[in-house]
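In: mind looking at a prediction? Sequence and model below.
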Amino acid sequence: MLIIKCPWCGDRDETEFSYGGEADIKRPVAPEALSDEEWGDYLFMRKNTKGVFKEQWNHSAGCRRWFIVERDTVNYDIKATYKF
Amino acid sequence: MSKYSALSLIRHAFSNNKNWQLAIKDAEPKKSYDAIIVGGGGHGLASAYYLAKNHNLKNIAVVEKGWIGGGNTARNTTIVRSNYLWTEASLLYEKSLKLWEGLSQDLNFNVMFSQRGVYNLGHTLQDMRDIERRVSANKLNGIDAEVVDAKQIKKNIPSINTSTSARYPILGASLQRRAGVARHDAVAWGYARAAAQLGVDIIQQCEVTGILKSNNQVYGLETSKGRIESNKIGLVVAGHASVLAEKADFRLPLESHPLQAYVSEPLKPVLDTVVMSNAVHGYISQSDKGELVIGAGIDPYIGYGQKGSFCIIEHCMQAIMELFPCFSRVRMLRQWGGIVDVSPDACPIISKTPIEGLYINCGWGTGGFKATPGSGWVFAHTLANDEAHHLNAPFSLDRFSSGALIDEHGAAAVAH
């Protein structure tokens, strides 16, 4: 069980959170100007990092706010959690 | 290498079983190969075997960073079925199921494929409508499938709870009688032995550290056992597909998650089929040793750690308790996690890559074991001909830019 520190509520059990995947994916400003490959890259392609990974979590059974977690995807150690 | 048979068993019994040959000899890498498969799991070994058998390639290597069948091949719940909704997926899995049916004879290795049937339970009216639809779709594709009601389920599986007062009452199920389970380790060993017999070098403890290419053509691998050259390389590494793709500078639409499974203490025979439930989300069968083999869903986060969270275990046990209250006192003996590479449409990617001579077979997510023979069959064809087999053509990497996804999420008889 992960213990995740919500930047607003403090340490809580993993079961209170929902996972939001990779952080820092920005919706392209002008999608109509992109090729199919570029749009597909935005929609589907992911880093899927082995090692320290920046990801988004939502405290869905708590304050319901989104925040960033830096977590090692091999040993699951949480390095840092902070607000957007 | 000698052929396994009843006669060989008797002969070796007379010499106290001291003269059995090694099933797979440990190979050291040669300087170059006609084709290299990276990944010595079931899919990789099957790919190498069919490359040698169907396409007459002689100089093939399988490189594996750990040991044969030490990854997901030995970390799954061994269920084999082909009752997928969409035509593209069901035909691929059906090809596999047909190969499973003759696999022990083909490999001369008993993979203990047992066609004991798979029930996919329906608990709501909508579940039952989806089941009717999927069964009809399966029949149109020539795949055996039938709808059974709660009374028939109770008759065939006396230990299941079909009470109408259950929290999630069982209304019916789809049943695929040709589906079943197989011995997962034997699949890896059988393919490895059969491939080695055809001259494939199986190189264990050999980690790929780099992928060599020039002018967008692959020409070899840097490994922990030195450089190995080949201008045909297939990556079949499941959870680590993204890690290797990064080494070759292309991106994949995958997320690797832990998928846990559980095995109970051995019991006397109590469950002679496979039961899966989408709504309460658990699946269960009984191994030949008597252990209950139980699985559920993935852990939600990306993880390469071959372990998951306790809350998933609890959720899974609740699901099994819901279906089989009589198992409430059974103790769990073992638990493990595999790393599954989940794609956006829950379908595999068996495809050429942006790099010439480099091919990828990944994205099987939670359902790869059942596809082992078919996956190897079509991937070998793709490598040998530099062109997809008609069964895996829809499963190209291009579909993530063309938009032609094969949406098996929620359609594939089990929630992913």
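Out: Perfect, I can see it now. Numbers count the residues shown, from 1 in each chain, chains lettered A, B, ... in the order given.

In: for B:Ile203, list the residues it contacts.
Out: Residues counted as contacts of B:Ile203 (Cβ atoms under 8 Å, 6 or more residues apart in numbering or on different chains) are B:26-29, B:61-64, B:225. Just so you know, the C-beta spots here come from the backbone N, C-alpha and C atoms, and that holds for glycine as well.

In: for chain A, state which of those is nearest.
Out: Using Cβ to the nearest Cβ, B:Glu64 comes nearest to chain A of the contacts of B:Ile203, at 17.6 Å.

In: what's the domain layout of chain B?
Out: Per automatic domain parsing, the domain ranges recorded for chain B read B:28-113+B:181-253+B:343-416, B:114-180+B:255-342.

In: in space, what's closest to the residue most central in space within chain B - neighbours in sequence excluded?
Out: The residue at the geometric middle of chain B, judged as the C-alpha nearest the mean C-alpha position with Cα atoms, centre = their mean, is B:Phe369 (1.3 Å). The spatial neighbour of B:Phe369 that comes closest, neighbours along the chain excluded (Cβ to Cβ, 6 or more residues apart in numbering or on different chains), is B:Asn76 at 4.4 Å.

In: what do you get for B:Ala241?
Out: B:Cys362 (3.6 Å).

In: how many neighbouring residues does the one you found have?
Out: Taking other Cβ atoms under 10 Å in any protein chain shown as the criterion, the count of residues near B:Cys362 is 28.

In: how about the one 4 residues further on?
Out: Here the number of neighbours of B:Thr366 (other Cβ under 10 Å) works out to 23.

In: tell me how far it lies from chain A.
Out: Distance of B:Thr366 to chain A, given as Cβ to the nearest Cβ, to the nearest Å: 16 Å.

In: now do the SS call for the residue of the stretch 101-250 of chain B found nearest chain A.
Out: In the stretch 101-250 of chain B, the residue that lies nearest chain A is B:Ser242 (3.7 Å; Cβ to the nearest Cβ). Under DSSP: H, G, I helix; E, B strand; the rest coil, the three-state class of B:Ser242 is helix.

In: could you find the closest non-adjacent residue to it?
Out: Taking Cβ to Cβ, 6+ apart as the measure, B:Ser242 lies nearest to A:Asn48, with 3.7 Å between them; neighbours along the chain are not counted.

In: that neighbour belongs to a strand, doesn't it?
Out: No: assigned with three-state DSSP, A:Asn48 falls outside any strand and is coil.

In: give me phi/psi at it?
Out: Dihedral angles of A:Asn48 (phi, psi; degrees, to the nearest 10) stand at phi 50, psi 50.

In: need the contact list for it.
Out: Listed by Cβ under 8 Å, 6+ apart, the contact set of A:Asn48 reads A:22, B:242-243, B:252, B:254-256, B:302.

In: at 10 Å what do you get?
Out: For A:Asn48, the contact set (Cβ atoms under 10 Å, 6 or more residues apart in numbering or on different chains) comprises A:21-22, A:73, B:239-243, B:245-246, B:251-257, B:302, B:304, B:341-342.

In: how about the residues of chain A that lie near chain B?
Out: Proximity of chain A to chain B is confined to A:1-2, A:4, A:13-15, A:17-22, A:35-41, A:43-51, A:53, A:55, A:57, A:69, A:71-76 under the rule Cβ under 10 Å from any Cβ of the partner chain.

In: quick check on the residues you listed: which are buried?
Out: Among the residues of chain A next to chain B, those classed as buried by neighbour count (16 or more other Cβ atoms under 10 Å in any protein chain shown) are A:2, A:4, A:14, A:17, A:19-22, A:39-41, A:44-50, A:53, A:55, A:57, A:69, A:71-73, A:76.

In: what's around residue 59, how many residues?
Out: Picking chain A for this. For A:His59, the count of nearby residues is 19 (other Cβ under 10 Å).

In: was after chain B, sorry
Out: With neighbours defined by other Cβ under 10 Å, the count for B:Asn59 comes to 15.

In: please name the nearest non-neighbouring residue to it.
Out: Ranked by Cβ to Cβ, 6+ apart and with sequence neighbours excluded, the top spatial neighbour of B:Asn59 is B:Asp34, at 4.3 Å.

In: now do the same contact list for the one you found.
Out: Residues counted as contacts of B:Asp34 (Cβ under 10 Å, 6+ apart) are B:51, B:55, B:57-61, B:230-232, B:383-384.

In: quick check: it vs B:Ile228, distance?
Out: As for B:Asp34, its distance to B:Ile228 is 12 Å (criterion: Cβ to Cβ, to the nearest Å).

In: how about the helices of chain A, start to end?
Out: Counting by DSSP state H, the segments of chain A that form helices are A:36-44.

In: farthest residue from the center of chain A?
Out: Most distant residue from the mean C-alpha position of chain A: A:Ala33, 27.0 Å away (Cα atoms, centre = their mean).

In: quick one: contacts for that one?
Out: With Cβ under 10 Å, 6+ apart as the criterion, the residues that contact A:Ala33 are A:Trp39.

In: please report how far it lies from chain B.
Out: With the distance defined as Cβ to the nearest Cβ, A:Ala33 ends up 15 Å from chain B.

In: now do B:Leu9 against B:Ser15, distance only.
Out: Between B:Leu9 and B:Ser15 the distance, using Cβ to Cβ, works out to 12 Å.

In: repeat for B:Pro344
Out: Looking at B:Pro344 against B:Ser15, where the rule is Cβ to Cβ, the gap reads 56 Å.

In: and for B:Ser256?
Out: B:Ser256 is 47 Å from B:Ser15, by Cβ to Cβ.

In: pLDDT score for B:Lys412?
Out: Heads up, residue B:412 is Ala, not Lys. The pLDDT attached to B:Ala412 in the predicted structure is 53.

In: same thing with B:Lys58?
Out: Confidence for B:Lys58, expressed as pLDDT, is 85.

In: residues near the nearest residue in space to it that is not next to it in sequence, how many?
Out: Take B:Lys58 and drop its neighbours on the chain: the residue closest to it by Cβ to Cβ, 6+ apart is B:Gly199, 5.6 Å away. Burial of B:Gly199, expressed as a neighbour count using other Cβ under 10 Å, amounts to 11.
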